[in-house]
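>>> Got a predicted structure here, sequence first:
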Amino acid sequence: MSEKKQLKLSARAIANMGAIKKHIAADNPSAAESVFSAVDSLVDNPLIGHSGQRTNTRELVLTRYPYTVIYRVTVTRIIVAAVVHQRQKH
């Protein structure tokens, strides 16, 4: 059985998640927590997203909330590049 990969967030992803928390947590704290949980779930299911628009990326579309997690999977890490609103160009 392989070891779990380490989850790493880029500076952009950290900023995105901070903005999400600020924007939606005021009205619906559980919604913000669900977005964060989806990002955390990549540790257990790193290939859950589909192939991304950019080479060597994957995208996890959150169907319940209008966000997409853009990430890369390496041998030892899952690197979250960004968490973007689905109306936003990435």
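Thanks, I have the structure now. Owing to the predicted nature of the structure, the values given are computational and were not obtained by experimental measurement. Numbering: from 1, shown residues only.
>>> So which residue is dead centre in this structure?
Val69 (3.2 Å; CA atoms, centre = their mean).
>>> helices or strands up against the helix or strand hosting Val39?
In the assignment (DSSP states H and E), Val39 maps to helix 29-40. With contacts taken as 3 or more CB pairs under 8 Å, 6 or more residues apart in numbering; DSSP states H and E, helix 29-40 sits against strand 6-9, helix 11-24, strand 58-62, strand 67-73, strand 77-85. C-betas here are computed from N, CA, C, even on glycine.
>>> if you compare the ones you listed, which one is most tucked away?
Most buried of the helices and strands packed on helix 29-40 by mean neighbour count (mean count of other CB atoms under 10 Å) is strand 67-73; its value is a mean of 22.
>>> Listing partners with orientation, what would you give for that strand?
The strands beside strand 67-73 in its sheet (DSSP bridges) come out as strand 58-62 (antiparallel), strand 77-85 (antiparallel).
>>> neighbouring contacts of that strand?
The set of residues external to strand 67-73 that reach it, using CB atoms under 8 Å, 6 or more residues apart in numbering, is 5, 20, 35, 38-39, 42, 46-47, 49, 52, 54, 56-62, 78-86, 90.
>>> What angle do helix 11-24 and it make with each other?
Angle, strand 67-73 to helix 11-24, by axes from the mean of the first three to the mean of the last three CA atoms, to 10 degrees: 160 degrees.
>>> Having no further points to raise, I will conclude here.
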